[in-house]
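> Sequence and predicted structure, then a few things I'm wondering about:
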Amino acid sequence: MARPVIGISTGVLPFPYGAVPEYPLNYVPHDYVQAVLAAGGLPIALSMYDPAIDPEGVAAQLALCDGLLLSGGNADVDPSTYDEPRRPELGITTPDRDAHELALLAEARRRGIPVLGICRGIQVVNVAYGGTLYQDLPSQFGQTQNHVQTSHRSEPHHEVAVAEGSRLSAMVGGRVGVTSFHHQAVKDVGEGLAVVARADDGLVEAVEATDHPWLLAVQWHPEMSHVADVPSHEVFAAFVAACR
């Protein structure tokens, strides 16, 4: 049986390139590629661009794919996507990436193919379903738990409680240690999404769609810990299996 093709959303990262101090590179962290490969999928990077330039291109990109992985990244989701003003604590934003990923998700929903969102990916999913985000957890959420770890990216930073009977619980059980690198998160949950995991401080850590055959989004980074952590690998294994 042919391996399912997993399209991974990408971002743009300024990078020193010879004499050019900030040459923009289209990128996806290699951990995502390795995690998809380890789960039996064939990863392809979906080059980011403003879909207004080529409205038909997003459908053509996803026509190559059996599943969509909305990846994390270094840019915040712009609050204009959920009709809120910018707060001073907001980081850099990339509106073209927001538009591209929202268009990819809309097409994936139309096609009914499996979707996995990770970190920034859960935020894009929530916005697409009409939800809102905390633009900055320290200034808005009053958290008792630090969601930006300083330990190695593969080491669990805190635990989350997973809802019994959810698709996620079948993968990871009722409580799982997770890696965490984010200062934005789900605030108002979008209509059509069910919260299936929370951190001990109450923050939303995972959602599943009620109107889609297979859509899971998590706030943590299973791609960073998939090599040694069985639950992290199981997230990707279940996703790739659904894409078959």
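All right, it came through fine.

> C-alpha only now, for contacts and for neighbours.
Noted.

> Next, the contact list for residue 211, please.
residue 192 (CA atoms under 8 Å, 6 or more residues apart in numbering).

> cool, and the one 3 residues further on?
Residues touching residue 214, when contacts are defined by CA under 8 Å, 6+ apart, comprise 112, 113, 114, 115, 208, 242.

> next structured bit after the one helix or strand residue 121 maps to?
With the criterion set as DSSP states H and E, the secondary-structure element containing residue 121 is helix 120-128. Proceeding N to C from helix 120-128, the next assigned helix or strand is strand 133-134, under DSSP H and E.

> Does anything pack onto that following strand? Which helices or strands?
Using 3 or more CA pairs under 8 Å, 6 or more residues apart in numbering; DSSP states H and E, the elements in contact with strand 133-134 are helix 120-128, strand 185-186.

> let's see it at 7 Å
Where contact means 3 or more CA pairs under 7 Å, 6 or more residues apart in numbering; DSSP states H and E, strand 133-134 is packed against strand 185-186.

> how far is the strand it packs on from where the chain is centred?
Taking CA atoms, centre = their mean, to the nearest Å, the mean C-alpha location of strand 185-186 is offset from the chain mean by 11 Å.

> now do stretch 115-125
The chain centre lies 3 Å from the centre of stretch 115-125; the measure is CA atoms, centre = their mean.

> Now the terminal residues of it, how far apart.
In stretch 115-125, first residue to last residue: 10 Å (CA to CA, to the nearest Å).

> mind listing the helices for this structure?
Using DSSP state H, the helices of the chain run over residues 30-38, 57-62, 95-111, 120-128, 137-140, 167-172, 222-225, 230-243.

> Indicate which one of the ones you listed is closest to residue 74.
The stretch from the helices of the chain with the least distance to residue 74 (CA to CA) is helix 120-128; that distance is 8.7 Å.

> just for this protein, where's the confidence low?
Applying pLDDT under 70 to the chain flags residues 1, 143-144, 149.

> at 80 what do you get?
Within the chain, the stretches with pLDDT under 80 are 1, 142-146, 148-152, 154-158.

> picking that back up, now render the contacts of residue 214 as CSV, adding distance to residue 224 and neighbour count.
Putting these into CSV (distance: CA to CA, whole Å; neighbours: other CA atoms under 10 Å) gives the following:
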residue, distance to residue 224, neighbour count
112, 27, 16
113, 24, 21
114, 21, 24
115, 19, 29
208, 21, 26
242, 21, 17
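
> returning to that earlier point: ranking the helices of the chain by burial, who's on top?
Mean neighbour count, computed with mean count of other CA atoms under 10 Å, is highest for helix 120-128 among those, reaching a mean of 27.

> Does that helix pack against any helices or strands, and if so which?
strand 185-186, strand 215-218.

> Just the C-alpha atoms of the last one, please, in CSV.
Spelled out, it's strand 215-218. What follows is the C-alpha trace of strand 215-218 in CSV, where atoms were taken according to Å, rounded to 0.1, in the frame of the first residue of the first chain:
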residue,chain,number,x,y,z
LEU,A,215,-9.5,16.8,13.0
LEU,A,216,-7.3,17.0,16.1
ALA,A,217,-5.2,20.0,17.2
VAL,A,218,-2.9,20.2,20.2
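
> Go through the contacts of residue 214 and say which is closest to residue 195.
Nearest member of the contacts of residue 214 to residue 195, counting by CA to CA, is residue 208, at 6.6 Å.

> could you measure the closest one against residue 38, distance?
Using CA to CA, one obtains 23 Å as the distance from residue 208 to residue 38.

> same deal with residue 7?
15 Å.

> quick check, distance from stretch 102-110 to the centre of its chain.
Averaging C-alpha positions (CA atoms, centre = their mean) puts stretch 102-110 14 Å from its chain's average.

> possible to save the helices of the chain as a markdown table with distance to residue 79?
Converted to a markdown table, the helices of the chain look like this (distance: least, CA to CA, whole Å):
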| stretch | distance to residue 79 |
| --- | --- |
| helix 30-38 | 26 |
| helix 57-62 | 23 |
| helix 95-111 | 10 |
| helix 120-128 | 9 |
| helix 137-140 | 14 |
| helix 167-172 | 28 |
| helix 222-225 | 26 |
| helix 230-243 | 29 |
